[in-house]
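Asker: can you look at this prediction? I've put the sequence above it.
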Amino acid sequence: MAVVAALIELARPGQWIKNGFVLLPLFFAHALFDHAALVGAVLATLAFCLAASAVYAYNDTRDAERDRLHPDKLQRPVARGAITPKSALGFSALLCVAALLVAASTNIGVVAVIAIYLTLQLAYSQGLKRIAWLDVGIVASGFALRILAGGLAANVPLTPWILAMGFLLALMLALGKRHGDLIHVTDPGARAVAGYDVTTIEWVLAALAGAVFVAYVFYAISPEVVARHGHRALAWSTPWVALGVLRYLFLVFKRGAGGDPSRLAIRDPFLLGATLGWLITLTYVLYR
């Protein structure tokens, strides 16, 4: 039972909240009650959950030594010795196969997206993660791929603005995580290898926050979206986006809390409130 518990922990199901990006096209396209679209989107989400867990398991085998120097990551299963690297690699391979099989139950486009995601993550783990700025670009591209997979699986149209918004938001969260790592890391050598400095990251984060908001506004008022829904009421949700982005910046800049965006989204009452307000507003606007 201890091994099973360690494998579940290795899969990091708490991080699956990130795969909610796959459902965004379905939600925004007013297709939640379209059975075929819903089934396709849910299967694509499951495929990404399995693929992401495969990546976590693989990365933990490569990063175990470095994780032992981190105040939080040292408790990961491989780093603390709860599971062997060989078992973790086998588990990762099994999850990869399962992810591709689930994706195949939707359409070939989703299979291609999952394959691209896994390939990028493998390249990231093999060395690209050591190249400053490129590493966060690869992380952010994973979220754009999630949105793309969601659109393909549900067979709903995607606008460039929703892809841009998803990529920029993910880039902001990834940089926030780097900011948290720089503040909390205890190994001075790790700071130097990272190639980042706190001041530059904070300037870029501020710029990205503005870009995320602008991209969302342009999406909300884009001709395609207005034509699809017959109104501009989607713009009513923009204050929640502004509130959420500003709260996130506050947490990162003032509290150094950018290490785990998923944990922040659940535990911070203001960020959680902004997220719920956004979802409730959108649900009312799109499905009333």
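Answerer: Done, it's in.

Asker: pop the domain breakdown of the protein in here.
Answerer: Listed domain ranges for the chain are 1-158, 159-288 (source: automatic domain parsing).

Asker: ranking those domains by burial, who's on top?
Answerer: domain 1-158 (a mean of 19; mean count of other CB atoms under 10 Å). Glycine gets a C-beta too; all of them are placed from N, C-alpha and C.

Asker: so can I have a markdown table of the domains of the chain showing mean pLDDT?
Answerer: Formatted as a markdown table, these follow (pLDDT from 0 to 100):
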| stretch | mean pLDDT |
| --- | --- |
| domain 1-158 | 88 |
| domain 159-288 | 84 |
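
Asker: can you give me the helices in the stretch 1-150 of the chain?
Answerer: With helices called from DSSP state H, counting those that start in this stretch, the stretch 1-150 of the chain shows them at 2-11, 24-28, 35-62, 64-67, 77-80, 85-104, 108-126, 134-154.

Asker: now those helices in TSV, with distance to residue 18?
Answerer: TSV is the format used below for those (distance: least, CB to CB, whole Å):
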stretch	distance to residue 18
helix 2-11	13
helix 24-28	12
helix 35-62	7
helix 64-67	20
helix 77-80	20
helix 85-104	15
helix 108-126	12
helix 134-154	7
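
Asker: what residue of this structure is the furthest out?
Answerer: Relative to the centre of the chain, the most outlying C-alpha is that of residue 230, 30.5 Å out, by CA atoms, centre = their mean.

Asker: ok, that one to residue 111 distance?
Answerer: 35 Å (CB to CB, to the nearest Å).

Asker: could you find the closest non-adjacent residue to residue 218?
Answerer: residue 161 (5.0 Å; CB to CB, 6 or more residues apart in numbering).

Asker: just the angle between the helix or strand harbouring the one you found and helix 134-154, please?
Answerer: If you go by DSSP states H and E, residue 161 is part of helix 160-184. Interaxial angle, helix 160-184 versus helix 134-154 (axes from the mean of the first three to the mean of the last three CA atoms, to 10 degrees): 140 degrees.

Asker: on that earlier part again, the helices of the stretch 1-150 of the chain: which one's closest to residue 179?
Answerer: helix 134-154 (10.6 Å; CB to CB).

Asker: tell me how far that closest one is from the chain's mean position?
Answerer: 8 Å (CA atoms, centre = their mean, to the nearest Å).

Asker: counting contacts, what elements does it pack onto?
Answerer: The helices and strands touching helix 134-154, judged by 3 or more CB pairs under 8 Å, 6 or more residues apart in numbering; DSSP states H and E, are helix 24-28, helix 35-62, helix 108-126, helix 160-184.
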